[in-house]
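Visitor: Any chance you can model this:
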Amino acid sequence: MLSRASVPRHSIIKKFAGEDIENLDDLIAVISKLSRGARVPLEYVKYTDRYRNKSVLVTIDQHGWYAPPQLYTRNDATGLWNAKLAIPLESPFVVSHRAGHMDANLNSISPLTESSPMDLKCQHESENTADGCVKMQTDEEIAVDGSHSGEDSIIEKKRRRVDEEIAAEGTISSFGDLDDIKDGALRHPSSVEVSDLARTISSNASLAEQVIEPALVMFEVHVPPICMLDGVHSQHFFGTGVIIYHSDCLGLVAVDRNTVAVSISDIMLSFAAYPIEIPAEVVFLHPVHNFALVAYDPSALGAGASVIRAAKLLPEPALRRGDSVYLVGLSRSLQATSRKSTITNPCTAVNIGSADCPRYRAINMEVIELDTGTSYAHFN
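Guide: Numbers count the residues shown, from 1 in each chain. Predicted structure coming up:
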């Protein structure tokens, strides 16, 4: 929990969830009142820098990867350590832990032929479908910056833009495929479209970024240490995924398996179109090809659900050598970035060598070779 928030080892906790922490009993009392999935502030100091307080946002573990915490007291008469539960059984922390275990036992990540609670809900509410496309990704260790003023200003600008678009009729539906937007801008210029075009020019963003941005999602994945035996080479991953299905009751995101390596993961999604962070769960890992499907609850998006949309997959016409394409991805500040490239080989094979330890690797993959080099290569 603390490592996810990048709290260094041997730090001294000063405040947790707004309450002063003087000793271990105070910390246990605060944790016992929190439920799993809650996000609370934590203030700490490092023992090497005791005069500068630092603050982070801590997410209480959402899944019961481990048993409830225990306190061990040494019995001097026997020389043994006696264990007892650190948190009362009736506390919200333990109650939510039990509920998570029941959900895991009854509705664990199952084959696509079985129905999960989200599937059943979706069958009753909506049966709309959407197609998807590919993504770009990176993975690295978590880093916490002391200043986030630049990112905060970007987030506020995006929130204001979404609020303006929700208030203006027809603005949300202006997100379409690239050809539709081009035709609309040239043939039927309405006042709303003119304002959208002016906003696009003023923000110096390409048309490709505007089209694909509502479907882009930033992943923050944390793997519990117990899964490191499965050949996972790190506990923390970041990457970009693409929404391939979005309705009132279910959302699905496609992402590479280098970002989501195993199903036992704590996943948080940040949306490019509306800056909000919500949890998600793995529903499918392809055993051969390099992609995974992750589900989220659209109702958790609030007002942002109306500006999120699934990407549109266009299998025809097939890409050919010499075609121009745009690579669109997200920066760490959730800004859409793009690069224009030319296809040098539309269908070639790739051979990924074996790793030092037994773990997943993609095989039988088709690769689109671009003139920008391997760092921008996209895999199908």
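
Visitor: Against which helices or strands is the helix or strand harbouring A254 packed?
Guide: In the assignment (DSSP states H and E), A254 maps to strand 251-255. Packing partners of strand 251-255 (3 or more Cβ pairs under 8 Å, 6 or more residues apart in numbering; DSSP states H and E): strand 216-222, strand 236-246, strand 292-296. Using the backbone N, CA and C atoms, a C-beta is placed for each residue, glycine as well.

Visitor: Determine the longest strand present in this structure.
Guide: strand 336-350 (DSSP state E).

Visitor: ok, and for it, which residues are buried?
Guide: 336, 338, 341, 343, 346 (16 or more other Cβ atoms under 10 Å).

Visitor: export the residues you listed to a markdown table and tack on pLDDT?
Guide: As requested, these are exported to a markdown table (pLDDT from 0 to 100):
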| residue | pLDDT |
| --- | --- |
| A336 | 86 |
| S338 | 86 |
| S341 | 87 |
| I343 | 90 |
| P346 | 86 |
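
Visitor: From these, pick the one nearest I212.
Guide: Among the buried residues of strand 336-350, A336 lies closest to I212 (Cβ to Cβ), at 7.1 Å.

Visitor: Wait, the closest one touches A215, no?
Guide: No - applying Cβ atoms under 8 Å as the test, A336 and A215 come out as separate, 10.3 Å apart.

Visitor: circling back to that earlier point, who does the helix or strand following the longest strand of the chain pair up with?
Guide: Next along the chain after strand 336-350, taking DSSP H and E as the criterion, comes strand 365-370. With DSSP bridges as the test, strand 365-370 is paired with strand 336-350 (antiparallel), strand 378-379 (antiparallel).

Visitor: Kindly reformat these as CSV containing distance to S55.
Guide: Formatted as CSV, the strands paired with strand 365-370 follow (distance: least, Cβ to Cβ, whole Å):
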stretch, distance to S55
strand 336-350, 29
strand 378-379, 38
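
Visitor: If you average pLDDT over each of those strands, which is lowest?
Guide: When the strands paired with strand 365-370 are ranked by mean pLDDT, strand 378-379 comes last with a mean of 41.

Visitor: can you list contacts of stretch 263-271?
Guide: 4, 59, 61-63, 65, 109, 216-224, 226-227, 241, 253, 260, 276-282, 285, 294, 296, 301, 304, 308, 334 (Cβ atoms under 8 Å, 6 or more residues apart in numbering).

Visitor: do stretch 347-365 as well
Guide: Taking Cβ under 8 Å, 6+ apart as the rule, stretch 347-365 contacts 230-233, 257, 261, 288-290, 366-369, 379-380.
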